[in-house]
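Visitor: Fold the following and give me the result.
(2 chains)
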Amino acid sequence: MKFADFICNEAIRPKLNADEKSAVIRELVEALAESGEVNRSDTDAIFSAIMKREELGSTGIGRGVAVPHTKHASVKKPVGTVGVSADGIDFNSLDGGHVQLFFLLISPPDRPGDHLRALENISRQLQDDMFCKFLKQSKTAKDISQLLEEADNNQFVS
Amino acid sequence: MSEPNERQSVTVTIVNPQGLHARPADMFVKLAGRFQAEIQIVKDNQQVDGKSILSLLTLAAEQGSELTISATGPDASQAMLALAELVEAGFDDAHDGQLATES
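Guide: Next up is the predicted model:
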């Protein structure tokens, strides 16, 4: 699976306004609703489900990266977006560090394989230091969508 | 008796329906981190570090996938057994299924 298969470019937020964990999640879920990827009426339920998942263990997996996610019937395929916070946000990360890069993902409940393949793609690309560095330096949604496209074309992972 | 630094391995099957998603990977890495042993996981032709969540997630291991856990180091046997048990118990992943159907 590639970024192009699940990342909604219109929902990318290169400069997150939020400065704490729940507000980041809210902002990215709203971004997906604004771009029409999820139903407006489902945003509260999706937000709550993602927060509930975070209570089980933070998805801040280290290296300044978090992948908040949930499974929800509002989507028929994995749908995601990217947010960047230049200052970083306390996300109760596993390594204790602040998070600059957020990949928020919503997957359909009945397709666990698709969820795994979306996570696989995100994890594989995030292992590349240059990819992370360029993402953190991105100023516009266009910069980010171009980076994702380059990643899809295997320009980062050797 | 095997030598303490001999590499040991065991093959296990992912049994939980949701597969090796983020939380099981987190549980695996936390457990692996309690051991000094170096731990590698192999799926098909892919080999990754058993102490890194990002690495484990790149396996995209679905239910039914076979993983070979191999360990080397002073507590390799204990590490291997504990990790195999975690995988075979389905990572205690029932809760995740509930979340999926609730929402």
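Visitor: contacts and neighbour counts: CA atoms only from here.
Guide: OK.
Visitor: quick one: secondary structure of B:Val42?
Guide: strand (DSSP: H, G, I helix; E, B strand; the rest coil).
Visitor: ok, what's across the strand from it?
Guide: As for beta bridges, B:Val42 partners with B:Gln47, B:Thr68 under DSSP bridges.
Visitor: swap in B:Thr11?
Guide: B:Thr68.
Visitor: Could you check how far it is from chain A?
Guide: 21 Å (C-alpha to the nearest C-alpha, to the nearest Å).
Visitor: B:Arg34: neighbour count?
Guide: 11 (other C-alpha atoms under 10 Å in any protein chain shown).
Visitor: and it, helix, strand or coil?
Guide: Per three-state DSSP, B:Arg34 ends up coil.
Visitor: For it, give me its contacts.
Guide: Shown here is B:Arg34, which makes no contacts under the criterion C-alpha atoms under 8 Å, 6 or more residues apart in numbering or on different chains.
Visitor: Could you pull up the mean pLDDT of the helix or strand hosting B:Ala79?
Guide: Secondary structure from DSSP states H and E places B:Ala79 in helix B:76-88. Helix B:76-88 comes out with an average pLDDT of 96.
Visitor: by contact count, what packs against it?
Guide: strand B:8-13, helix B:22-32, strand B:66-72 (3 or more C-alpha pairs under 8 Å, 6 or more residues apart in numbering or on different chains; DSSP states H and E).
Visitor: List the buried residues of that helix.
Guide: B:Ala76, B:Ser77, B:Ala79, B:Met80, B:Leu83, B:Ala84, B:Leu86, B:Val87 (16 or more other C-alpha atoms under 10 Å in any protein chain shown).
Visitor: Run the angle between it and strand B:8-13 for me.
Guide: In terms of direction (axes from the mean of the first three to the mean of the last three C-alpha atoms, to 10 degrees), helix B:76-88 departs from strand B:8-13 by 0 degrees.
Visitor: what about B:Val12, neighbour count?
Guide: 18.
Visitor: Could you check stretch A:1-21 against chain B for contacts?
Guide: No: figure legend: stretch A:1-21 not in contact with chain B (C-alpha under 8 Å from any C-alpha of the partner chain); closest approach 10.6 Å.
Visitor: Can you give me the end-to-end span of that stretch?
Guide: The straight-line separation of the ends of stretch A:1-21 (C-alpha to C-alpha, to the nearest Å) is 28 Å.
Visitor: Mind listing residues that contact it?
Guide: Stretch A:1-21 is contacted from outside by A:24, A:27-28, A:31-32, A:34-35, A:37, A:77-86, A:89-91, A:117-118, A:121-122, A:138-141, A:144-145, A:148-149, A:152, using C-alpha under 8 Å, 6+ apart.
Visitor: Which among these count as buried?
Guide: Members of those classed as buried by 16+ other C-alpha under 10 Å are A:24, A:27-28, A:31-32, A:37, A:77-86, A:89-91, A:117-118, A:121-122, A:138, A:141, A:144-145, A:148, A:152.
Visitor: Output the helices and strands packed on helix B:76-88 in JSON lines, with mean pLDDT appended to each entry.
Guide: What follows is the helices and strands packed on helix B:76-88, written out as JSON lines (pLDDT from 0 to 100):
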{"stretch": "strand B:8-13", "mean pLDDT": "95"}
{"stretch": "helix B:22-32", "mean pLDDT": "95"}
{"stretch": "strand B:66-72", "mean pLDDT": "97"}
